[in-house]
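Trainee: missing the sequence, but the structure's below:
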């Protein structure tokens, strides 16, 4: 009887001992993270927002021949343009038109509109040139992947001016009516699905 | 004669995390005292004239195994919000409405020396969209993960090849909190659009 008790007590002790199965030598867990990058585009400010082509007419009242040169007459640079998703660049150009309103109809030998070459360099592998004749002449350049300009930026060059008839036909024989002329080039970047 | 064990079950070790005392020394002492008392009682109760000089002595021991309590990373991902700003480049700090901090366990404890290993996987664009302009764009955003186990803490960047370790040289108890910060991209490249996912891995080991 006396010897039976310790054995009984020990047995009870073993039962009461904490289960070693509870002891963990290692445990691991993963915490998942989520976030978003919104599809967007950005166009930086041009180095020049107004390109002044100065006096357009030559001694004979017609467009100065130097303005017809294929050499760049004026230029501006957008240092940073980008889209982080598939995108479309819209390159819109409007011809330079006389800003003053005349009380008389446009004479047949006079020009109130001037076209030009607007060349965009730095978006995609190829240069893009528009030559506006009507009120708005635009083109879209689609890209199926994100794109950003290189360090040289997005460059707009203006060249090859020419006078136009009232019907928006180029005619180098026309004289320019006096006044201020203004055209517009618009570059728009948008993401596409 | 009837022998009864003292009510040692009242002192039994429990598997309930909340009542395992750290280190277990107090419990061990209690069990020893109880059982030695039981032995004494047993010896007294078992005395008989025929065995007047007979005694029995035994020592009862037990252990408290090293143990760490449970924690969970949570069922839902930590939403770090929008990663980019107006320039398309990574924001310097996560958005104010982002979930950058999570308490993984309150009063987390290990009753013995332990280590916690932290490894951070970068945030990667989930759609695996190819990056066709790698000079300008990336599909990877890195960050820093900081794990705090009061009063200990350590941080690891998702750019690091190897994990970082919190070394607890003794039993410790404190809130276990994960904090994420410092989103960045290599070369300040712009991340391409899309959903981004990542993971933080924690491994806790008893030494």
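Mentor: That came in fine, so what should we check first? No experiment lies behind these values; they were computed from the predicted model shown. Residues are numbered from 1 along each chain as shown, chains lettered A, B, ... in the order given.
Trainee: where do the helices sit along chain A?
Mentor: Here chain A has its helices, by DSSP state H, at A:4-16.
Trainee: which ones are touching residue A:89?
Mentor: A:123, A:140-141, A:143, A:187-189 (CB atoms under 8 Å, 6 or more residues apart in numbering or on different chains). Placement of C-beta: from N, CA and C, glycine included.
Trainee: so residue B:167 makes contact with residue B:115?
Mentor: Yes - Residue B:167 lies in contact with residue B:115 (CB atoms under 8 Å); the separation is 5.4 Å.
Trainee: more neighbours: these two, which one.
Mentor: The neighbour count for residue B:167 versus residue B:115, taken as other CB atoms under 10 Å in any protein chain shown, is higher for residue B:115 (16 against 12).
Trainee: neighbours of the nearest residue to residue B:110 once chain neighbours are set aside, how many?
Mentor: Of all residues beyond its chain neighbours, the one nearest residue B:110 is residue B:68 (4.0 Å), with distances taken as CB to CB, 6 or more residues apart in numbering or on different chains. Residue B:68 has 25 neighbours, counted by other CB under 10 Å.
Trainee: swap in residue B:58?
Mentor: Residues near residue B:58, counting by other CB under 10 Å: 15.
Trainee: quick one: low-confidence ranges for chain B?
Mentor: Counting by pLDDT under 70, chain B shows low-confidence ranges at B:1-52.
Trainee: which residue ranges make up each domain of it?
Mentor: Chain B breaks down into these domains under automatic domain parsing: B:1-65, B:101-206.
Trainee: who is the closest residue to residue A:25 other than its chain neighbours paired with across the strands?
Mentor: In space, and not counting its chain neighbours, residue A:25 is closest to residue B:206: 5.3 Å by CB to CB, 6+ apart. For residue B:206, the beta-bridge partners under DSSP bridges are residue B:114.
Trainee: just the contacts of residue A:89 now: which is nearest chain B?
Mentor: Using CB to the nearest CB, residue A:143 comes nearest to chain B of the contacts of residue A:89, at 9.2 Å.
Trainee: surely the closest one meets residue A:88?
Mentor: Yes - at 7.4 Å, residue A:143 counts as touching residue A:88 under the criterion of CB under 8 Å.
Trainee: neighbour-wise, which of the two wins?
Mentor: residue A:143 (18 against 15).
Trainee: what residues are up against the closest residue to that one other than its chain neighbours?
Mentor: Spatial nearest neighbour of residue A:143, excluding adjacent residues (CB to CB, 6+ apart): residue A:87 at 5.2 Å. Taking CB under 8 Å, 6+ apart as the criterion, residue A:87 is in contact with A:41, A:142-143, A:146-147, A:189-192.
Trainee: residue B:187 should be in a helix, yeah?
Mentor: Yes - according to DSSP: H, G, I helix; E, B strand; the rest coil, residue B:187 belongs to a helix.
Trainee: in chain B, which spans are helices?
Mentor: B:25-45.
Trainee: tell me where it has strands.
Mentor: For chain B, the strands defined by DSSP state E cover B:78-82, B:101-110, B:114-125, B:137-138, B:140-149, B:152-157, B:164-168, B:172-184, B:190-191, B:194-206.
Trainee: buried set for the last one?
Mentor: Using 16 or more other CB atoms under 10 Å in any protein chain shown as the burial criterion, the residues of strand B:194-206 that qualify are B:194, B:196, B:198-206.
Trainee: so how far is chain B from residue A:59?
Mentor: Residue A:59 sits 49 Å away from chain B, going by CB to the nearest CB, to the nearest Å.
Trainee: and that residue, what's its pLDDT?
Mentor: According to the prediction, residue A:59 has pLDDT 94.
Trainee: contact partners for residue 188?
Mentor: In the absence of a named chain, this looks at chain A. Residue A:188 neighbours (CB under 8 Å, 6+ apart): A:43, A:89-90, A:92.
Trainee: wait, I meant chain B there
Mentor: Contacts of residue B:188 by CB under 8 Å, 6+ apart are B:89-90.
Trainee: want to throw the buried residues of strand B:194-206 into JSON lines with distance to residue A:62?
Mentor: Shown next, in JSON lines, are those (distance: CB to CB, whole Å):
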{"residue": "B:194", "distance to residue A:62": "56"}
{"residue": "B:196", "distance to residue A:62": "60"}
{"residue": "B:198", "distance to residue A:62": "67"}
{"residue": "B:199", "distance to residue A:62": "72"}
{"residue": "B:200", "distance to residue A:62": "73"}
{"residue": "B:201", "distance to residue A:62": "76"}
{"residue": "B:202", "distance to residue A:62": "80"}
{"residue": "B:203", "distance to residue A:62": "83"}
{"residue": "B:204", "distance to residue A:62": "86"}
{"residue": "B:205", "distance to residue A:62": "88"}
{"residue": "B:206", "distance to residue A:62": "93"}
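Trainee: between those, which is nearest residue A:155?
Mentor: Ranked by distance to residue A:155 (CB to CB), these are led by residue B:194 at 30.1 Å.
Trainee: isn't the closest one right up against residue B:123?
Mentor: No - using CB under 8 Å, residue B:194 is not in contact with residue B:123; the gap is 10.7 Å.
Trainee: appreciated, that's everything.
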